[in-house]
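Enquirer: what's the 3D shape of this:
(chains A and B)
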Amino acid sequence: MTTGLGADAEDFFESAPCGYLVAIPDRRIIKVNAALEELLGYQRKELIGKPFTDLFTVGGRIHYETHFDPLLRMHGQLAGITVDLVTAAGQRLPVFLAANAKFDGAGGQALLRITVLDARGRRSYERELLEERQRAEQERARAQTLASTLQRSLLPPSLYPPEGLEAAAHYHAASTDDVSGDFYDLFPLTHDRWGFFLGDVCGKGATAATVTSLTRYALRSAAVFDEDPIAVLHNVDHVLKQSAADDSPQFCTVIFGVITPHDCGFNLHLASGGHPPPLVLSAGGEAHYADSVGGQPLGIVPNATFVATRIRLGEGDTLMLYSDDLTEARTGTGTERFDDDGALLRFAADHCPTAASTIIDEIRALLDDLGGGVEDDVAVLALGAPYTPDP
Amino acid sequence: MAVVDVRTRNNVHIAGSDTGPTIVLAHGFGCDQNLWHRVTAQLTPNFNVVLFDHVGSGESDPSAWDDQRYSTLDGYAQDIMELLQDLDLHEVTFVGHSVAAMMGVLAVTTDASRFAKLVLLAPSPRYVGDEGYRGGFSRADIDELLDSLESNYLGWSRAMAPVIAGVFDRPELTEELAETFCRADPACARVFARATFLADNRADLANVSIPTLVIDCAQDAIAPREVGAYVQQHIPRSELVTLETIGHCPQLSAPDATAQAIAAFVLGR
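Expert: Okay, the predicted model is just below:
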């Protein structure tokens, strides 16, 4: 078909809306259009015979040789490549390159056709994007530092057990990005009474952190005020409800207990507010759950009730408190959870008798085994009455 | 501690003759093992050919990446030694392209027991010029490269890196490979670029104790002939072959000549 435009082919090439060059396989330029002359500020005769790679900055040339040349040879074409060219005046000109190759019969390159598009505007926009991305990465690092600092501040720097009681704890952080609401502590109340707790605030992030902080301090002061663990939980329950009055409900589950040393052992009086029951790992090699099932979470239920129980830790006995993110760790691809069939009790039975620090090490290893299945932070606190050597 | 599965970590592929001499082909900075596909096709009838991707490149295991380990060539050289050990390879001819040539030098000078011969394809012991040494580049040029890498990775996306297996069973490359070849995680590429272009392995050359073939290209902007000659002069038992080709990747621009030079050297002519 004749269009009558054949005579304009040269004009189509010369006045194309992009720079255009043709090179032979040794990269020497054999043809350029007027748009390219204008873009680069070179005369046509200066460009003919020059390897087109000489137009790149040196860094761009390395990039071309190590990435783009292999791509072009492999696929016969390239598109959307960003490079800087150097103009006749020595200025850098950001461009987009596209190229394709004409092949000879043997599969080798016969000609290279390359188009060059001025990318100054786009490049400055991309630089802004790049800077934004770098800023976002820095912000994320900062947020992680903040989260881990805040998390650390919610955990006691050390535990202060009564003489003769061994205490150990482990905190497993599931994520570096967020703060979770698991907490524990062990501290003296009077010269012969000690308080301890382990709990789990619903939710994550800044709100959970403030509730955790509030709960911790409320528990510590209420413990000083009242001898009865149930009364302590009621006190904290009121505080949480008061602070949540304007906001969405803030609640937590917690076990609070009082330790009194007695006859080569320890009497524990503890109360639970909806928290999973602690495990008793006895000196005799048996494990069982403490009788503290029930009670309601703090901060959410009107007229909440809590349950109390008494435990005696004799020589060789260990008590372990934990948050439910341990029992609820995923163990398969489906909905299976670690403790679906009583695995935690079996785990405890397999490891007793034990000592506080030993069982914490075992739990740490268990958490490693569960790996990514542990979806949330886990807190574990163990209290043990070691054997005292015969006098 | 988890046992490292080197085959997965380095996306190892083995092809060719079980009974032939073993040739390990190592890619350089920029692409991945697919760069070798034309050379591999020629070597497989007579050799046991082992291909792999460096961690951070190609289809290597992303979880194996370690900023610290891979910030110097020693980390990559360590991987190569682990690879030979894990696959229990002996009498290996190690062919390292570009920066992988110096990884080979480092591995051989650390423990040559599993190596028979070394082939350095378009090698450079130092890219940045120094007193009395012309590497071809200045520190500013390398910064410019890092900048160029950064600009081009705006188009990079994790979603564009599907798993490709068994590519070199096929003579020609597939469409999906076209999408992934030469694409790498920008964060890894940045570290690899620094490890490559800021390395100085000139002093290691003299300690290469095994027969070595240096192959350079007639016109190579990355590893000029002067540098190829330097490498040959500083390795005691070495010879030099110059391929009449342009560019830095003779595996693609002159696959036949490259494969022939490697084969002839392995077989001792």
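
Enquirer: OK, contacts around the residue nearest to B:Arg225 when sequence neighbours are not counted?
Expert: The shortest distance from B:Arg225 to any residue other than its chain neighbours is 5.6 Å, reached at B:Asp216 (C-beta to C-beta, 6 or more residues apart in numbering or on different chains). Just so you know, the C-beta spots here come from the backbone N, C-alpha and C atoms, and that holds for glycine as well. With contacts defined as C-beta atoms under 8 Å, 6 or more residues apart in numbering or on different chains, B:Asp216 is in contact with B:122-123, B:223, B:225, B:227-229, B:240-243.

Enquirer: at 10 Å instead, please
Expert: In this structure, B:Asp216 makes contact with B:120-124, B:223-229, B:231-232, B:240-243, B:245, B:248, B:250, judged by C-beta atoms under 10 Å, 6 or more residues apart in numbering or on different chains.

Enquirer: Show the buried residues in those residues.
Expert: Applying 16 or more other C-beta atoms under 10 Å in any protein chain shown to those, the neighbour count classes B:120-124, B:223-224, B:227-228, B:231-232, B:240-241, B:243, B:245, B:248, B:250 as buried.

Enquirer: among those, which are in helices?
Expert: Judged by DSSP state H, the subset of the buried ones among the contacts of B:Asp216 located in helices is B:227-228, B:231-232, B:250.

Enquirer: if we take those residues, which one ends up nearest to chain A?
Expert: Set against chain A, the nearest of these by C-beta to the nearest C-beta is B:Pro250 (10.6 Å).

Enquirer: what's the helix or strand for the residue in the stretch 51-200 of chain A that chain B sits nearest to?
Expert: Among all residues of the stretch 51-200 of chain A, A:Gly59 sits closest to chain B, at 2.6 Å; criterion: C-beta to the nearest C-beta. For A:Gly59, the enclosing helix or strand under DSSP states H and E is helix A:58-63.

Enquirer: Run a quick check on A:Leu97 versus A:Leu85, I expect a contact.
Expert: Yes. Between A:Leu97 and A:Leu85 a contact is recorded at 8.8 Å, counting by C-beta atoms under 10 Å.

Enquirer: what sits in contact with each of the two?
Expert: Once C-beta under 10 Å, 6+ apart is applied, the residues that A:Leu97 and A:Leu85 both contact turn out to be A:19, A:52, A:56, A:60, A:116.

Enquirer: any idea which of these has the most stuff around it?
Expert: Among the shared contacts of A:Leu97 and A:Leu85, the one with the most neighbours (other C-beta atoms under 10 Å in any protein chain shown) is A:Gly60, at 28 neighbours.

Enquirer: and it, what does it touch?
Expert: Taking C-beta under 10 Å, 6+ apart as the definition of contact, the neighbours of A:Gly60 are A:53, A:68, A:81-86, A:92, A:95, A:97, B:141, B:144-145, B:147-148, B:151-152.

Enquirer: pLDDT weak spots in chain A?
Expert: Applying pLDDT under 70 to chain A flags the ranges A:1-7, A:245-248, A:389-391.

Enquirer: quick one: the helices in the chain?
Expert: In the absence of a named chain, chain A is used. Listed in chain order, the helices found in chain A under DSSP H are A:9-14, A:34-40, A:44-47, A:58-63, A:69-75, A:120-153, A:205-225, A:229-243, A:324-327, A:343-350, A:356-370.

Enquirer: meant chain B, my bad for not saying
Expert: Counting by DSSP H, chain B has these helices, from start to end: B:6-9, B:37-43, B:73-86, B:99-110, B:139-152, B:175-180, B:186-197, B:225-234, B:250-253, B:255-266.
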